[in-house]
Structure formats: structure tokens, C-alpha cells
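> Okay, predicted coordinates and the sequence, questions at the end:
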2 protein chains.
Amino acid sequence: MKFYCEKDIIQNAINTVQKATSTKTTYPILEGILIDAKDNTLKFTATDLDLGIETYINANVAEEGSIVVKSSLFGEIIRKLPDDTVMIETNGDNIIIKCQKSEFTLVGNNYEEFPKLPTINENSMYEISQDVLKNMIRQTIFATAQDETRPILTGVLFEVKDGKLSFVALDGYRLAVKSCEINSKNNISAVIPGKTLNEISKILEISDEKVKITFTPNHILFNLGNTKIISRLLDGEFINYRQIIPDEYNLRAKVKTNKLLDSIERASLLAREGKTNLIKFNILDKQIIVTSNSQMGKVNEEVEIELEGQGIKIAFNSKYFIDVLRTIDSEEIYLEFSTSVSPCLVKKADSNDYIYLVLPVRLVDND
Amino acid sequence: MKFYCEKDIIQNAINTVQKATSTKTTYPILEGILIDAKDNTLKFTATDLDLGIETYINANVAEEGSIVVKSSLFGEIIRKLPDDTVMIETNGDNIIIKCQKSEFTLVGNNYEEFPKLPTINENSMYEISQDVLKNMIRQTIFATAQDETRPILTGVLFEVKDGKLSFVALDGYRLAVKSCEINSKNNISAVIPGKTLNEISKILEISDEKVKITFTPNHILFNLGNTKIISRLLDGEFINYRQIIPDEYNLRAKVKTNKLLDSIERASLLAREGKTNLIKFNILDKQIIVTSNSQMGKVNEEVEIELEGQGIKIAFNSKYFIDVLRTIDSEEIYLEFSTSVSPCLVKKADSNDYIYLVLPVRLVDND
């Protein structure tokens, strides 16, 4: 194998596939990047067996071939090279990297040891633009479960039903549902690992270029043009989330997102000191009073609202509100309540494409 | 105590003094900031008993008084308040913070429990501009010892002799000396803790405003106008560093600082894999060949030089070169060598105000 390519092009390709390399593994080949050079094209591949990423770049290929090179070291070397053409060639299982007056010889691995990514027959069942997908991930992924006691909850449900695509995440304390229109009659319900979506989100750009998505029974393939991302799906049935979402409320408060976020963030400084993250809402006619206290002191915040219905006193884990208020993309939101022990719904005031549900904390003396 | 002050002014004052608060201490009052309100001026003070910082700001003081408040919590609360006037008052040992519709009540401490900073009669023995002082710290502090086996080496020598101020740091493997002219006939030799200089460096601005420096037998006081920093000095005699610096050399190489830095940084990627940080220089007529190897591979870098004298082969810990090449402010430097087991001197090509000395690594087979 021998090829010439610009340093920054190689570097971008490494950055893309590196998101799938294993860092803690007992199988060292998974720390590597597979480089295939053929027909003036390079294919870089990395995988941790759950997630696989491959990306294609153009290069001047003088001699076809393949090799595996340790991802972290290769990445650091390329990054520190001067901005110029890099020549890379193999010598047996060694890889030689030359740029200007630098010459590295690294121990590589035979390409035959590298695991093959699953072969997927692309039928491009769904198309969605990169920025929409990125936003759907951002507004749901934080609500996935972080512990593995119920593995299915560490993923995000990808559901297409009647021309609507929904991303759904829940962890037992809160639920996030983000939807958009999709031009497809194929209904589907599949659960994508949170880690996969996290890494894809870093690769997605804020652009309206399309991502093509293909499912097999066990895998999902995202095709971004020059880059393909393949992930296994999570096994099991997702919770029937629709029945969790109440469709009625006793009171509804309209509030400015940033004002509420700022107040809860300040209140949480004391809530955090008490290790409980507990904040209390006292919802009155024209304002919410947010309070919190710990052995360090107490805080009282007022936020203006427009109220429909009677007031209520209710308590929450501040983190569950901060997470959603930081990601929701609407100047104003509705908070919908029924009783002080029923879930609160958070919705955008200007759109129906997002629903967030959060359980309250029951207080012994509800003051 | 009761006063009104703009949020950002309070925040800046907290940021300044917070550098002296203890975070790990068995004496909780040292986690606090002492606030003294008097004559429409606030004084904020923090200390960890080794280092003390006080800063003065203007405020509308409605009622004089003093209190101690926990630095980290107070700082976070002020930072998250809206950009507006903040009202702060005491109620017994509590402190009340109001801004717009936010109200915090924090448990404070009585000001009488807060340790007094040493009283120093300011005679302003030396004056130096902020940017010069900042640079002198930056170019020497990295060469202080990080372990406490010889505590004096964790500090930087402040030496005035015959109208020249020198900062000197050494750790047994390398030595850095940065000098400048100073308008004073008072010779002195005192050792300032590295930690103190680190914190001062963050407060110093890139400006030619003067810092006034006063010494007592045990303390140093830096007066920056609105801010005073008091630190204890380190006990003991500093090493007679002058006798360590050779005044002759057998060969001298002139080299571009950045080219050498880039090559050594790349070579160190492999040196690091081998855990030794070992890089080798082969100094030839027109270039230095920098090499390194480990079980992961090997690297060969060429850097152009202008040589006076005969070539040499010599090895170093790459970290000791990277540290100095990253901080030296000269496009070209001289490297001066005598033998492969004697120290190398690094000097600026365009100035005599900086000397760096580094010991080579002896190799068993010097190839």
C-alpha cells in the first residue's frame, strides 16, 4: 500500500472514525483504524463491535493495499504533522508516514485480523436532514437511563407511525418525545443505543443535507454520503410510552424558558448543597415561587407566569428541569399539572413537536 | 452591614481573592471570603494562611459591617445572578443577597473568626510592570520541583543584584534564569513559593501598570493598586546557581524555535509510548536529527541548524525541551553543548535575558 494525501483530509477522516474505536478493550485490534487504499480512494474503518464507522476520502493511491494502525497514536502523529502532503506506505506489517522532514515507522496489524462490519443491503427506508436528526438526538438523549439495570432504557426509541417519526427516551423519572414529519409509509419501532446516537450527533453537521437510514432486524445504518455508521439495535420491547402521557391537566402555566431556567439553576445551587437536588414550586396566580434550602441557607425565586386554573405546590429534582430547559428550543413553554403527586408536562408554546414528562418528588409535609 | 453593588464588580472581586481560598482544609473558615464594608468601599479578603489576597471595590454602603461567606457557593450564586445591582446585607450571622426577583439567605461566619493577614509596612522596595512580571513567572515556574523532598526547590528565587532582577528555578534536572533591569540599589535574595507565583500570574494583566513589591524577613507583598497579595517566603538557602552554569561550550547550534519544538513534540509521541520520554539528538553540520523509538515504532526528524564546532550525539528527556521551547519568546535560539554527558544550554539568539540549562540522559550504548 502506498498513497499521498493532504494532512487535514487524513486528520478529518481519523476524527470521524475514531468515535467508534474501543479505548478499553481486551481485543487490541479494536483500538485500530483499518485503512484500505484502492482506486484513488481511501476507506478508514473503526469499530467497537457495537458501533462501526467507515468514511471515504480521495487520495493519490500509488499502490493498493490495506493495514490496521493504532488509532490514538496515528491520530496524534497526523495532527502534529505540518500542513502538507503526507505519504503513507506499508512495509510488511509496518506503516511508514512521511511528511516534509518527518518520518515515522509504526508497528501495524494485518488487515485480515480486523473484524468485518455487518454487510447491509441499503434500501434507504428513511431520509432526514442532518440538522433535524441532530436536534432530535439532542432533545431526547439526556433522558435515557444511565445505569444498565434495564438495558432497553439506555437507548432511544426510533418510531415511525403514520408519517411521523418520533424519538423517545425515558429513565423511570422522566420521558422525552421529539417528533417530526417523515415522508415514508413504512412503520417501524426500533431502539438505538444512546452511545451510538451520542457519537453520530458529533459527526452530524448543522446542514440540510440528507441522512439515509436503513434498518435490518438487528442493525441500523446511517449513510451520510462519504461516511456510514452502523450500529447494532438494542434487544427487547420498549415501554408503551403513550399510555404514560396524560392527555388532561388541571392547570397550565405559560412561562419564559430562560427566566425559569435561570431561577432553577440558582435555586439548585442550594439544592445541590443538600445533596437532594430538591426544589419546590409554589404556583400562584401570576408567578411561580421557586424555593430550595439546605444547611447552607435558603433561596426564593419569583418567575412571572400566565396561569389557567388553580395554583398548586409541587416539588421536583432540579436536574430534571434544568436538562430539558437547556435543550428545548422555544422562547416560551407550557407547564401542565394535575395534582402535586402527578407528573408535570413540559411543552413548547409554539409547537406540538416536543413533550417532556417529569415525575414530582413526594414530600412528607407538603409545605 | 448593607450595601449595593453591580453584579459584575462583585464577581470580579470574588474571582480575584478566590485564588487564595483553601479548598481542602480542616479549618472551614479558610473556605470563606471576608467582606468588610466601610466608607463606600468593600474589602474582600481570602487566605489559606500561606497566601493572602485582598481587593478593594467601590460600593454604595448603607450600613458598615463585616461577615465571612463560603467562597465557592457565594461565587456561584453571584455568577448566576442577572446583570444588575445586587443588594447584600447581614442578619446576625446570616447574609442576604437580593437581585431582581432572587433572594438568597446564606449561613455566614462571624468576621472575628477570620485570620488576620500579616501587617506589612509598605516601603515599595521594587517596582516592575505587570506584563514583565507575568513573563518572568511564566518562563521560570515550570522548572520548579514538583515534589516536596527539597521544599526550597518548589519556589522561585527572587534575586536583585547590581540593578538586575533575576527569577531562578531549578529541580535537579534543569535550571531556568530570567532577568531584567530593575531601578533599585537594594540587593535581595528571597524564595517565593511556586503556588503563590502561579496564582499571582493569573491576576496579573498584560499591561505596563506597575506592581509594587515589599519584602519583610518572612513575607512578600505585591501591591497591584486595588489588590494586594501577601505570601510567606520559603525558609532556607537557595542553591548557588551561578556555579552550575558553564561559561564555555564546544559547539553551538542556532535553530528556529518552532521547528525544533514541532519536531520534538512529534518525536515525543513515540518517546512517551516507551514511558522514558527519551529523545536523541544527532547534531550534524547542517541539521539536528531527532530520533526516538519504542515498541510501537520509531521516528526520525530533521531540523536545519547553523553549527559552530563539531557535531555530537546526545540524549534528553523530551519534556524538558518541550517546556522551555513552549515558553521562550524568541524566534531563534542557541543550543550550546560541551560533551554528551554535560548540560546543554538554551539561550535566545536575540537577547541575553534568559538562560535554560538541561542535563542530558546518559546512554549505555551511545548510539
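Here it is on my side, so go on.
> How about the backbone phi and psi for residue A:89?
Main-chain dihedrals, residue A:89, degrees, to the nearest 10: phi -140, psi 160.
> Pull the contacting residues for it.
Shown in contact with residue A:89 (CB atoms under 8 Å, 6 or more residues apart in numbering or on different chains): A:1-3, A:62-63, A:95-96. Just so you know, the C-beta spots here come from the backbone N, C-alpha and C atoms, and that holds for glycine as well.
> Taking those residues together, which two end up most distant?
A:62 and A:95 (14.6 Å; CB to CB).
> okay, and for chain A, where does confidence drop off?
Counting by pLDDT under 70, chain A contains low-confidence ranges at A:273-274, A:365-367.
> so is residue A:254 in a helix, a strand, or just coil?
Under DSSP: H, G, I helix; E, B strand; the rest coil, residue A:254 falls in the strand class.
> on that earlier part again, ok, of the contacts of residue A:89, which come out buried?
For the contacts of residue A:89, a burial check counting by 16 or more other CB atoms under 10 Å in any protein chain shown picks out A:1-3, A:95-96.
> Around chain B, which positions in the stretch 51-200 of chain A sit nearby?
Contacts of the stretch 51-200 of chain A with chain B, taken as CB under 8 Å from any CB of the partner chain, map to A:70, A:73, A:76-77, A:80-82, A:94, A:101-107.
> Quick one: the helices in the stretch 101-250 of chain A, in order.
Using DSSP state H, counting those that start in this stretch, the helices of the stretch 101-250 of chain A run over residues A:130-138, A:194-203.
> List the residues that contact the residue of chain A positioned farthest from its centre.
When distances to the mean C-alpha position of chain A are computed (CA atoms, centre = their mean), the maximum falls on residue A:101, with 41.0 Å. Shown in contact with residue A:101 (CB under 8 Å, 6+ apart): B:263, B:301-303.
> just to revisit the earlier point, any idea which of the contacts of residue A:89 is closest to residue A:149?
residue A:95 (43.2 Å).
> Quick check: closest non-adjacent residue to the closest one.
residue A:108 (4.4 Å; CB to CB, 6 or more residues apart in numbering or on different chains).
> Against residue A:92, how distant is the one you found?
Distance, residue A:108 to residue A:92, by CB to CB, to the nearest Å: 9 Å.
> Please say which of these two ends up with more neighbours.
residue A:108 (23 against 9; other CB atoms under 10 Å in any protein chain shown).
> Farthest-apart pair in the contacts of residue A:101, please.
It's B:263 and B:302 that sit farthest apart of those, by CB to CB, at 7.8 Å.
> Quick one: name the residues of the stretch 251-367 of chain A near chain B.
So far as CB under 8 Å from any CB goes, the stretch 251-367 of chain A lies against chain B at A:262-263, A:265-266, A:269-270, A:273, A:295-303.
> Going through those residues, which ones are buried?
Applying 16+ other CB under 10 Å to those flags A:262-263, A:265-266, A:269-270, A:273, A:296-303 as buried.
> Can you spell out which helices and strands pack onto whatever helix or strand residue A:280 lives in?
Assigned by DSSP states H and E, residue A:280 falls within strand A:278-283. Identification of packing neighbours for strand A:278-283 by 3 or more CB pairs under 8 Å, 6 or more residues apart in numbering or on different chains; DSSP states H and E yields helix A:257-273, strand A:287-294, strand A:312-317, helix A:318-327.
> tell me the angle the shortest one makes with strand A:278-283.
It refers to strand A:312-317. If you take axes from the mean of the first three to the mean of the last three CA atoms, to 10 degrees, strand A:312-317 sits at 160 degrees to strand A:278-283.
> swap in the first one?
Using the same axes, to 10 degrees, the interaxial angle of helix A:257-273 with respect to strand A:278-283 works out to 140 degrees.
> Now for the residue lying closest to residue A:128 once chain neighbours are set aside: which residues touch it?
Excluding the flanking residues, the one nearest residue A:128 by CB to CB, 6+ apart is residue A:211, at 5.6 Å. If you count contacts by CB under 8 Å, 6+ apart, residue A:211 has them with A:127-130, A:133, A:204, A:222-224.
> For PyMOL, what selects the buried ones among these?
Those of the contacts of residue A:211 that count as buried under 16+ other CB under 10 Å are selected in PyMOL with:
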select buried, chain A and resi 128+129+130+133+204+222+223+224
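> Show me the contacts of residue A:211 that map onto strands.
Among those, DSSP state E puts A:127-129, A:222-223 in strands.
> follow-up on the earlier one: which of the residues of the stretch 51-200 of chain A next to chain B has the most neighbours?
residue A:104 (27 neighbours).
> burial count for the residue nearest to that one when sequence neighbours are not counted?
Excluding the flanking residues, the one nearest residue A:104 by CB to CB, 6+ apart is residue A:97, at 4.3 Å. Here the number of neighbours of residue A:97 (other CB under 10 Å) works out to 21.
> ok but residue A:97 is inside a strand, no?
Yes - judged by three-state DSSP, residue A:97 forms part of a strand.
> would you turn the ones in strands among the contacts of residue A:211 into CSV with distance to residue B:39?
Output for the ones in strands among the contacts of residue A:211, formatted as CSV (distance: CB to CB, whole Å):
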residue, distance to residue B:39
A:127, 70
A:128, 65
A:129, 62
A:222, 66
A:223, 70
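> neighbouring strands for the strand holding residue A:280, and are they parallel or not?
Strand pairing for strand A:278-283, determined by DSSP bridges: strand A:287-294 (antiparallel), strand A:312-317 (antiparallel).
> Restrict it to CA atoms and write it as CSV.
The C-alpha trace of strand A:278-283 is given here as CSV (Å, rounded to 0.1, in the frame of the first residue of the first chain):
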residue,chain,number,x,y,z
LEU,A,278,-34.9,19.2,45.7
ILE,A,279,-36.6,22.4,44.6
LYS,A,280,-40.2,23.4,45.3
PHE,A,281,-42.7,25.2,43.1
ASN,A,282,-45.4,27.3,44.6
ILE,A,283,-47.6,28.2,41.6
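> I'd like the distance between residue A:201 and chain B.
Distance, residue A:201 to chain B, using CB to the nearest CB, to the nearest Å: 27 Å.
> For the nearest residue to that residue once chain neighbours are set aside, give me its contacts.
Of all residues not flanking residue A:201 in the chain, residue A:137 sits nearest, at 4.6 Å (CB to CB, 6+ apart). Residue A:137 is in contact with A:156, A:167, A:197-198, A:200-201, A:204, counting by CB under 8 Å, 6+ apart.
> how does it look with 7 Å?
Contacts for residue A:137 (CB atoms under 7 Å, 6 or more residues apart in numbering or on different chains) come out as A:197, A:200-201.
> likewise residue A:33?
Neighbours of residue A:33 in contact, by CB under 7 Å, 6+ apart: A:14, A:17, A:21, A:44-46, A:68-69, A:71, A:74.
> List the ones among the residues you listed that fall in strands.
A:44-46, A:68-69.
> List just the nearest of these to chain B.
For these, the minimum distance to chain B (CB to the nearest CB) is 9.6 Å, reached by residue A:69.
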